[in-house]
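1. got a structure for you, letters missing:
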């Protein structure tokens, strides 16, 4: 079923054409990963799909009553808003009815009786009475339990979760998700991935998270050079298809080059007079010269020289920090060594950014000591936005740091060439910062940081908003980087490529060290979770057995039939929990069988509901039997 179609849609911002003559259909069941360079116009394209921005030319068709929910890159937070305010400003018509109903009750008078009756009938018709429970359920799963909490007290990740609950709980047919994993912790990224895979919604998500694209998408949509191209399959399939296309185009380009060379040789003879046939031949040369070369952006290698680290890099001895009487970081000791690549992971609000600030010396510790090596030089990329004069050009902004950069080979590179190596060609360097996209701003922050020649890099979510080309460059740089690296990132592919040791924060102040990759850690963690599940199941068996003995000896309370029902319910619950455990193991497989995954997805939610229902029944009976 077709949800939405575009025909010959074009849009130009300023003098830059973002997309030209785009014709595209979006159907039910499509899980689309939307990729393209920073500044290509992906977010603008999503705003066209929502109807908030009109294209310059072309037409858009939507299925009648199509419901679209949009997650922007930056949540819109009204002043004084609570978590409930953020969630219930959803475009979901049911949420709108609830808001109207609550507003009416707050200001109710007898004259409003007819209006209230009509509104109640509409809520019956839309099945809107339980919507608050639906939204609350999503918030609980995402770790947000207090709907009255003020939005301005939320961390970036918590704010993202609240906005995500608004979208996911909306019941929309088509979800438009712009960088949904930004600011999320790794466990929530995995939760979102599983929800999208097993859900029935169609979606378009803008992301540069390669693991997410691989596991969550069955179509890749690429916006490049003002054109949109659709590839069936996930990220891995896209890479194979694009490589093949580029190889074919390269052959065609070589052929065009040979023809062009011969034609140019002919043109250079400059005869005194040319006939009609000759003029057509000159026109052919011009067409050949104007033919675009469809190819990936080829960015040259880059590296910068870091100051050489001494024998002592940084030694932490029982450092810790508290906030409002709560231990954010329990006393922690570690001795950093040259060349270490350490990732920091843990739930949102666990203190990852605090730990980075503590290690870099930005935040003083409440206890313990930090001994810094004499040659150790930090460079910190935090999550704050680019701070710069918006009227300044890229080149001027960079020159305020330095005019040249010394590479590892000893070569002195001027700032303009340094910008080019990071995908800012000479023409773009004269642009004012105010015209940069979010990803371009992040890239500019990063490359200015690397000019400082640091030997201890601290990166807090460095991959946020970066396009795939820049991600590749960053990974290449870090693979060759000889200093210490400390990084927080939700990008699992990035972590797999770069990090070989982790500090795992548990959210209660403790820090666990783990040697290995993120996938190895998650495998270990899942095994521990299954072991805890088995232990809890055994405890419940014991509880059920004791409850059963109690029912047999009780003189009052449950009758014989109810006692047998209570015993039977516990056995059913235990069997259902075993089935749930088996299903969730399917979700954790990297490349599961599609039929098994679909079957598990269909069974998962009904199974959880059945467990909850039977558990409630058992608890009611057990309560009466006390």
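-> Received the coordinates, thanks. All of these numbers come straight from a predicted model, not from anything done at the bench.
2. list the contacts for the residue nearest to the spatial centre of the chain?
-> With distances taken as CA atoms, centre = their mean, the residue of the chain nearest its centroid is residue 181 (1.6 Å). By CB atoms under 8 Å, 6 or more residues apart in numbering, the residues touching residue 181 are 189, 192, 207, 209, 212, 490, 491. Every C-beta, even on glycine, is put in place using the N, C-alpha and C of the backbone.
3. Residue 328 now?
-> Listed by CB under 8 Å, 6+ apart, the contact partners of residue 328 are 321, 322, 351, 354, 509.
4. What mean pLDDT does the host helix or strand of residue 354 get?
-> Using DSSP states H and E, residue 354 sits in helix 352-360. For helix 352-360, the mean pLDDT works out to 91.
5. Among the contacts of residue 328, the buried ones, what's the ChimeraX command?
-> Here is the ChimeraX command that selects the buried residues among the contacts of residue 328 (16 or more other CB atoms under 10 Å):
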select :321,351,354,509
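6. that older thread, quick check: the residue nearest to the centre of the chain is in a strand.
-> No: Residue 181 is assigned coil when assessed by DSSP: H, G, I helix; E, B strand; the rest coil, not a strand.
7. residue contacts, the closest residue to residue 150 other than its chain neighbours?
-> In space, and not counting its chain neighbours, residue 150 is closest to residue 82: 5.9 Å by CB to CB, 6 or more residues apart in numbering. Residue 82 makes contact with 147, 148, 149, 150, 151, according to CB under 8 Å, 6+ apart.
8. Also residue 143?
-> By CB under 8 Å, 6+ apart, the neighbours of residue 143 are 158, 161, 188, 347, 348.
9. now the first one: how far from residue 251?
-> Think residue 158. 52 Å (CB to CB, to the nearest Å).
10. When the two are compared, which one has more neighbours?
-> Using other CB atoms under 10 Å as the criterion, residue 158 and residue 251 rank with residue 158 on top: 21 against 10.
11. can you pull the contacts of the nearest residue to that one once chain neighbours are set aside?
-> Spatially, and ignoring its direct neighbours in sequence, residue 158 is nearest to residue 348 (5.5 Å; CB to CB, 6+ apart). Neighbouring residues of residue 348 by CB under 8 Å, 6+ apart: 143, 155, 157, 158, 161, 183, 184, 185, 188.
12. Pull out the buried residues from those.
-> 143, 157, 158, 161, 183, 184, 185, 188.
13. Put together a markdown table for these, with pLDDT and distance to residue 120 on each row.
-> Converted to a markdown table, those look like this (pLDDT from 0 to 100; distance: CB to CB, whole Å):
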| residue | pLDDT | distance to residue 120 |
| --- | --- | --- |
| 143 | 82 | 34 |
| 157 | 84 | 38 |
| 158 | 87 | 34 |
| 161 | 90 | 32 |
| 183 | 85 | 39 |
| 184 | 87 | 38 |
| 185 | 86 | 41 |
| 188 | 88 | 37 |
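14. Please list the members of these that lie in helices.
-> 157, 158, 161, 188 (DSSP state H).
15. Distance check, the third one against residue 176.
-> To tie it back to what came earlier, the one meant is residue 161. For residue 161, the distance to residue 176 (CB to CB) stands at 18 Å.
16. ditto for the first one
-> Per CB to CB, residue 157 is found 21 Å from residue 176.
17. Mind listing what's buried along whichever helix or strand residue 319 is part of?
-> Element membership for residue 319, per DSSP H and E: strand 314-323. Within strand 314-323, the residues that count as buried by 16+ other CB under 10 Å are 314, 316, 319, 320, 321.
18. repeat for stretch 133-141
-> Here stretch 133-141 shows 134, 135, 136, 138, 139 as buried, counting by 16+ other CB under 10 Å.
19. Now do the residue nearest to the last one when sequence neighbours are not counted: how many residues are near it, please.
-> By that I understand residue 139. Distances taken as CB to CB, 6+ apart place residue 165 nearest to residue 139, at 4.9 Å, with adjacent residues excluded. Residue 165 sits with 24 neighbouring residues when counted by other CB under 10 Å.
20. For the stretch 301-450 of the chain, which segments are assigned as helices?
-> Under the criterion DSSP state H, counting those that start in this stretch, the stretch 301-450 of the chain carries helices at the ranges 352-360, 394-399, 415-421, 438-450.
21. Tell me which residues are up against the last one.
-> This points to helix 438-450. By CB under 8 Å, 6+ apart, the list of residues contacting helix 438-450 reads 38-39, 43, 73, 304, 379-381, 385-386, 394, 397-398, 401, 405, 418-419, 422-424, 433, 436, 462, 464-467, 470, 474, 477.
22. Quickly run through the sheet partners of the helix or strand that it is followed by, with directions.
-> For helix 438-450, the succeeding helix or strand toward the C-terminus, using DSSP H and E, is strand 456-460. Next to strand 456-460 in the sheet, as set by DSSP bridges, lie strand 378-381 (parallel), strand 484-488 (parallel).
23. contact partners of the first one?
-> What it means is strand 378-381. 356, 360-362, 445-446, 449-450, 452, 454, 456-460, 462.
24. picking up where we left off before, who are the neighbours of the strand holding residue 319, in terms of helices and strands?
-> strand 326-336, helix 352-360, strand 367-372 (3 or more CB pairs under 8 Å, 6 or more residues apart in numbering; DSSP states H and E).
25. Would you mind giving the orientation angle of the longest one with respect to strand 484-488?
-> Direction vectors for strand 326-336 and strand 484-488, defined by axes from the mean of the first three to the mean of the last three CA atoms, to 10 degrees, enclose an angle of 150 degrees.
26. Which helix or strand in this structure has the lowest average pLDDT?
-> Of the helices and strands making up the chain, the lowest-confidence element is helix 276-290, at a mean of 49, by mean pLDDT, DSSP states H and E.
27. Wasn't the residue nearest to residue 139 part of a helix?
-> Yes: checked against three-state DSSP, residue 165 lies within a helix.
28. Quickly note the distance from it to residue 509.
-> Using CB to CB, one gets 27 Å for the distance from residue 165 to residue 509.
29. try residue 80
-> Residue 80 sits 31 Å away from residue 509, going by CB to CB.
30. ranges for the strands of the stretch 51-200 of the chain?
-> Along the stretch 51-200 of the chain, counting by DSSP state E, counting those that start in this stretch, strands occupy 57-62, 68-71, 174-178.
31. in the longest one, what counts as buried?
-> Along strand 57-62, these residues count as buried under the neighbour rule (16+ other CB under 10 Å): residue 58.
32. now that strand: mean pLDDT?
-> Here the average pLDDT along strand 57-62 is 91.
33. From here on, call the first residue 595.
-> Renumbered: residue one is now 595, and that last one reads strand 651-656.
34. And the contacts of stretch 1207-1215?
-> Contacts for stretch 1207-1215 (CB under 8 Å, 6+ apart): 1152, 1156, 1159, 1160, 1163, 1164, 1166, 1167, 1170.
35. Tell me which of the residues you listed fall in strands.
-> Among the contacts of stretch 1207-1215, the subset assigned to strands under DSSP state E is empty.
36. Same list (the residues you listed) but as TSV, adding distance to residue 611.
-> Below are the contacts of stretch 1207-1215 laid out as TSV (distance: CB to CB, whole Å):
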residue	distance to residue 611
1152	75
1156	73
1159	69
1160	70
1163	65
1164	66
1166	62
1167	60
1170	56
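37. among these, which ones are buried?
-> The buried subset of the contacts of stretch 1207-1215 (16+ other CB under 10 Å) comprises 1152, 1160, 1163, 1164, 1167, 1170.
38. Show me which of those is closest to residue 650.
-> residue 1170 (55.9 Å; CB to CB).
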